[in-house]
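**Q** Fold the following for me, if possible:
(one chain, ligands or ions: 1)
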Amino acid sequence: MARTPFIAGNWKMHKTVAEAEDYIQALLPRVYSADGVDVAICVPFTALQAMVDSTRGSRVEVFAQNMHELSNGAFTGEVSAAMLTEIDVHGVVLGHSERRQCYNETDKALSHKMVAAFSAGLKPILCVGETEDERERGDTERKLRHQVQEGLERLTPEQIAQVTVAYEPIWAIGTGKVATPDQAQDAIAFVRALIEDKAPDAAEHARVLYGGSVTPDGAPELLALPDVDGALVGGASLDPENFARIVDAAVQLAAS
Ligand code: PGA
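**A** This is a model prediction of the structure:
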C-alpha cells in the first residue's frame, strides 16, 4: 500500500500577511508540478484566510498550528475547529512540542482535539517526540507510547487510518541536530507499530512524518527511509526556495 508523501511547512510565529503573500507567490510556481506529493503550509492564525484565498485551486493546503478542543466558550485567545473550517482551512497541527512545553498542552486535551478536528473535517497532524534527557535515559519508546496511545485514544479505526503523526525529537527541533537515519527509522517504525496495536488495518494507511532540523540537503536521505512518509519542516520552510527543494526531494523519491 503506497502512502502519498506529505511535506508540511510549520512557520511557527513568523510572517505577517504581507510577508505570507510574497512567500506564496514565490512558492506556488515552484510546486505546481509536484505530482504525487501532498504539500501544506501551517501558518499563524492571522495569515490563514489570506493563504486559503491565495492557494485556492493549487496543490498547497493550509493548516493552522493549534485549536481548542471545544466548539465555543469562555477561552480567551483560543480558536475552535468550526472557526477554521468556516474559512476553508484544511487541517491543524496538534501537540507541537513548543505548545506542550510553553503552553502546557496535555495528552488528555490532545485526545479531545483529535476528535474535534476529525468531526469538523480538519486533517490533524499529531506531533510526538522525546527530549534529549528522555533519549539518554532510554525512555524514548515509553514517551512515544504514551503520546501516541493518548492522542489516538478516542478515534475510530477509520479516523486512525487518516491520521498523520509527526515524530519530532525535541532535541532536533531548531537545533541543527538531525536524528540519524537509524534513530529516525527506529522511532518512526515504533510509532507505526503503536498505531497498528490500536487499529491493525489502519497502520498501513496512517502517515508518519519526521520533523527536526530538516533541510534541503538532508531531506533526501530522511525521506528515503522505509517508514518515513514525509517531513514537518520548521526553519527551512520559511524560505520558499528551500521549502520547494524539500518538496522536490519527495517528488523525486515518489517517482523512483
Ligand atoms: P525545525 O522545526 O525544522 O526548525 O527544527 C521543526 C518543527 O518544529 O516542526
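**Q** Check the gap between the residue nearest to the spatial centre of the chain and residue 57 for me.
**A** Nearest to the geometric centre of the chain sits residue 125, at 4.2 Å (Cα atoms, centre = their mean). In this view, residue 125 and residue 57 are 23 Å apart by Cβ to Cβ, to the nearest Å. Every residue, glycine included, has its C-beta placed from N, CA and C.
**Q** What of residue 123?
**A** 18 Å.
**Q** So those two - more neighbours on which side?
**A** Each of residue 123 and residue 57 had its neighbours counted (other Cβ atoms under 10 Å), and the higher figure belongs to residue 123 (19 against 6).
**Q** Any idea what the more buried one is bridged to?
**A** Applying DSSP bridges to residue 123 gives these bridge partners: residue 91.
**Q** Residue 90 is in contact with that one, correct?
**A** Yes: shown here, residue 123 and residue 90 form a contact pair, counting by Cβ atoms under 8 Å, at 6.0 Å.
**Q** what's the overlap in contacts for the two?
**A** 61, 63 (Cβ atoms under 8 Å, 6 or more residues apart in numbering).
**Q** Which residues outside stretch 134-148 are in contact with it?
**A** 95, 107, 126, 128-131, 165, 167, 169, 171, 187, 190-191, 194-195, 198.
**Q** A strand includes residue 166, no?
**A** Yes: assessed by DSSP: H, G, I helix; E, B strand; the rest coil, residue 166 belongs to a strand.
**Q** pLDDT score assigned to it?
**A** Per-residue confidence at residue 166 stands at 98 (pLDDT).
**Q** Please apply the same query to residue 66.
**A** With respect to pLDDT, residue 66 scores 98.
**Q** close enough to count as contact, it and residue 99?
**A** Yes: contact criterion Cβ under 8 Å: residue 66 and residue 99 qualify, at 5.8 Å.
**Q** Identify the contacts common to the two.
**A** Between them, residue 66 and residue 99 share no contacting residue, judged by Cβ under 8 Å, 6+ apart.
**Q** burial measure for residue 156, as a count.
**A** Residue 156: 12 neighbours (other Cβ under 10 Å).
**Q** separation between it and residue 149?
**A** Distance of residue 156 to residue 149, computed by Cβ to Cβ: 15 Å.
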